[in-house]
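Asks: Kindly generate the corresponding structure for this input.
(4 chains)
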Protein chains: 2
Amino acid sequence: MSDAAPWLDDEEMATWLAFVSLVSRLPNALDGQVRTDAGLSYFEYTVLVVLEHAEDRTMRMSDLAYLANGSLSRLSHVARRLEKEGFIRRFACPTDGRSTLAALTEDGLQKLAEAAPGHVKLVRALVFDELTRDEMRQLGELSKRMLDRINP
Amino acid sequence: MSDAAPWLDDEEMATWLAFVSLVSRLPNALDGQVRTDAGLSYFEYTVLVVLEHAEDRTMRMSDLAYLANGSLSRLSHVARRLEKEGFIRRFACPTDGRSTLAALTEDGLQKLAEAAPGHVKLVRALVFDELTRDEMRQLGELSKRMLDRINP
DNA sequence: TCCAAGTCGTTGAATCTTCAATAAATACTA
DNA sequence: TAGTATTTATTGAAGATTCAACGACTTGGA
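Replies: Just a heads-up that it's a prediction; the model follows:
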């Protein structure tokens, strides 16, 4: 902590204000759509989407939490709710007694179908319709680099 | 809602996965630093920063909520905590009886000083150190455009 | 002026998330 | 192999956020 970082200059500050505002507001926008269309939070929706693309639509809780961008504890609480509603089921992992596997049910798959079209439409409207192909690639590139900094 | 949006192609999907992951994780990273350095949530910190830059370090609750990227209700709850701790004070607006003004106190200013250096350092480490000048400008540009889509 | 409609902020209840503690199983090491 | 350290997941309590309802005030039009 000994070395002080220089403060942001005007251009950096303008960039930061816009970017941090985007980062704060985009999740709310996504959440609102999914909640309206399917009665799920965006995190719950993400959990179901990740499971949908997993092999056998099944995944370890730890891995699911990581891919859904949430903590294991958060997932555990949410999984209880999702299981209670019948969208997923949980069972012990046969090869590692510590692990729990979560699987998407048919009801969960159907729930996804309710939210997905509206979600794609919103993502297009808010993000992709605004970008050229090159800008889109660049956004992905920059995002990956920043992510690498965030993750250990 | 009649027209269906085409699903994302591979490049779009890869971009979206990275971007949405970033958007989900960056707030947590920022929150952790501010919480460690000053015992504030990132939203609380943002509220103080916005006030710091306001005229007379004073601002209407509504405007403050907007600029801090939160709902008015959220701000109202947080303002109670911040006021209790002595970092801000609230008083009736003299020109509009409906409004409340919030002002940063000396203690609040000092609290900011505890968190700011670490915050700049982290923002640099996670975002700006990773980008060239042109990429930085581009990120700001794209962020602004997406924000315009989100806001009404 | 008076009333209806709109704006501004707060509040309490319900919901969600985090944090720390715990339990159970596996991996490592001497 | 015994003992310790790690990994995995869940839980309950504390804290934070959202939502809907409310009260107080202002604005605009009849």
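
Asks: Is the one residue in chain A that gets nearest to DNA strand D within a helix or a strand, and which one?
Replies: At 2.8 Å from DNA strand D, residue A:62 is the closest residue in chain A, using CB to the nearest atom of the strand. Quick note: C-beta positions are derived from backbone N, CA and C, even for glycine. Element membership for residue A:62, per DSSP states H and E: helix A:61-67.

Asks: Show me which helix runs longest in chain A.
Replies: Ordering each helix of chain A by length in residues (DSSP state H) puts helix A:10-38 first.

Asks: Report the buried residues of that helix.
Replies: A:12, A:14-27, A:29-31, A:33-34, A:37-38 (16 or more other CB atoms under 10 Å in any protein chain shown).

Asks: nearest residue to the residue of chain A closest to DNA strand D other than its sequence neighbours?
Replies: With CB to CB, 6 or more residues apart in numbering or on different chains as the criterion, residue A:62 has its nearest non-adjacent residue at 6.1 Å, and that residue is residue A:72.

Asks: same check, this time on residue A:56
Replies: residue A:103 (7.1 Å).

Asks: OK, contacts around the residue nearest to residue A:62?
Replies: When contacts are counted by CB atoms under 8 Å, 6 or more residues apart in numbering or on different chains, residue A:72 touches A:61, A:62, A:65.

Asks: Is there a quick PyMOL command that grabs whichever of these are buried?
Replies: In PyMOL, this line selects whichever of these come out buried by 16+ other CB under 10 Å:
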select buried, chain A and resi 61+65
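
Asks: would you list the contacts of residue A:72 in a markdown table and tack on distance to residue A:119?
Replies: Output for the contacts of residue A:72, formatted as a markdown table (distance: CB to CB, whole Å):
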| residue | distance to residue A:119 |
| --- | --- |
| A:61 | 24 |
| A:62 | 25 |
| A:65 | 21 |
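
Asks: Stretch A:85-96 close to DNA strand C?
Replies: Yes. Contact of stretch A:85-96 with DNA strand C is found when judged by CB under 7 Å from any atom of the strand, involving residue A:96.

Asks: what about that stretch, how long is it end to end?
Replies: Counting by CA to CA, to the nearest Å, you get 27 Å between the two ends of stretch A:85-96.

Asks: Does it reach DNA strand D?
Replies: Yes. Using CB under 7 Å from any atom of the strand, stretch A:85-96 reaches DNA strand D at A:90, A:93, A:96.

Asks: In TSV: those residues, plus pLDDT, secondary structure and neighbour count.
Replies: Output for the residues of stretch A:85-96 next to DNA strand D, formatted as TSV (pLDDT from 0 to 100; DSSP: H, G, I helix; E, B strand; the rest coil; neighbours: other CB atoms under 10 Å in any protein chain shown):
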residue	pLDDT	secondary structure	neighbour count
A:90	97	strand	14
A:93	96	coil	13
A:96	95	coil	10
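
Asks: what residues does stretch A:97-108 touch?
Replies: By CB under 8 Å, 6+ apart, stretch A:97-108 touches A:48, A:51-52, A:54, A:56-62, A:64, A:79, A:82, A:85-93.

Asks: Try it again at 10 Å.
Replies: Contact with stretch A:97-108 is made by A:47-54, A:56-65, A:75-76, A:79, A:82-83, A:85-95, A:111-112, as judged by CB atoms under 10 Å, 6 or more residues apart in numbering or on different chains.

Asks: out of the buried residues of helix A:10-38, which touch chain B?
Replies: A:12, A:14-27, A:29-30, A:37 (CB under 10 Å from any CB of the partner chain).

Asks: so how far is residue A:62 from residue A:91?
Replies: Taking CB to CB, to the nearest Å as the measure, residue A:91 falls 15 Å from residue A:62.

Asks: what does residue A:109 give?
Replies: Distance from residue A:109 to residue A:62, by CB to CB: 23 Å.
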